[in-house]
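>>> sequence first, predicted model second:
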Amino acid sequence: MRSWISPRRIPSISDETSEVVILKAICVIPARFASVRLPGKPLIDICGKPLIQRVYEQAARARKLDGVIVATDDPRIKETVDGFGGRAVMSPPSLPTGSDRVARVLEDLGLDHDVIMNLQGDEPLIDPGDLDRLIESFEEAPGIQMASLMAPLHEREDVENPNMVKVVIDQDGFALYFSRQPIPYWRRKQDADWAQRPANYWLHLGAYAFSRQTLQRYACWTRGTLELSESLEQLRAVEHGVRIKMVTTSHPWPGVNTPEDVERVRAAYQAKEKKA
């Protein structure tokens, strides 16, 4: 099926200018109420504040973002965001992914920002400095189409956890593929100690920065077999030839995907409060 965008000329790759001057960047946090594993996830309490507020407040601390907007399909989430003084807009529940929801906000609000960030609404411990570094990647490499974050994975159980998305990169630091399965596959894992593995494993973290033109194109593309198979929205960009620059961070914050993750994040906040 095609995405929601009305028929019009799809911007071409040649629309990207050879030199990009970053004037403004904005963060949009897509937040759906429905969740197979955690219904109502954005409103789950994290040590006295709803999850969506925790994510919003972290994003608002980034220096290079011009603003933060929550894009939701549920009035309860909008009411919550309005209640803590944030900005939220409604978008249709039929949109298939968070990036499609962010693209709809770009269209509906007529945003003219150079970079639009999709920060997943279940990342309450994201480092604001890492968001700044994503924006800086556009400044350092004019013409970049898309950027995201990755962190090293050290534990074998994390590498084998399908809730922790892995990424493999080329020699220039651009993503080759994303998967819920361990990639690269370690053929001799039964014959060698884990510490002797030949390749590093990288965790993909839930923040995508798009150039405005790339996000517009993304919303016009059909969802491909890779995206549908892995249920990973970034694979739509990969299938259409978008090069995703991966920015390394040493802060692999825990996202919230399962009830166990909720308890882990709560424990992390409690530990932070004790240190404060």
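Cool, got the structure. Numbers count the residues shown, from 1 in each chain.

>>> contacts for the helix or strand of the chain with the lowest mean pLDDT, please.
Counting by mean pLDDT, DSSP states H and E, the weakest-scoring helix or strand in the chain turns out to be helix 259-275, with a mean of 86. Contact with helix 259-275 is made by Arg37, Leu38, Ile44, Ile46, Cys47, Arg54, Pro124, Leu125, Asn163, Pro254, Gly255, Val256, as judged by Cβ atoms under 8 Å, 6 or more residues apart in numbering. Every residue, glycine included, has its C-beta placed from N, CA and C.

>>> how near is Leu149 to Arg243?
The gap separating Leu149 from Arg243 is 16 Å, by Cβ to Cβ, to the nearest Å.

>>> do a quick rundown of the helices in the stretch 51-200 of the chain.
Along the stretch 51-200 of the chain, counting by DSSP state H, counting those that start in this stretch, helices occupy 51-60, 75-83, 98-109, 128-140, 156-159.

>>> returning to what we had before: of Leu149 and Arg243, which one has the most company?
Legend: neighbour count by other Cβ atoms under 10 Å for Leu149 and Arg243, higher for Leu149 (28 against 17).

>>> specify the beta-bridge partners of the more buried one.
Leu149 forms beta bridges with Leu205, Val247, as assigned by DSSP bridges.

>>> that one: what's it in contact with?
Leu149 touches Asp130, Leu134, His204, Leu205, Ala207, Met246, Val247, Thr248, Thr249, counting by Cβ under 8 Å, 6+ apart.

>>> who's Arg169 bridged to?
Actually, residue 169 is Ile. It isn't Arg. Ala175.

>>> you'd agree it is up against Leu176?
Yes - between Ile169 and Leu176 there is a contact under Cβ atoms under 8 Å: 6.2 Å.

>>> farthest-apart pair in the contacts of helix 259-275, please.
Cys47 and Asn163 (21.8 Å; Cβ to Cβ).

>>> run through the chain and note the low-pLDDT ranges.
For the chain, the stretches flagged by pLDDT under 70 are 1-23, 36, 188-194, 254, 276.
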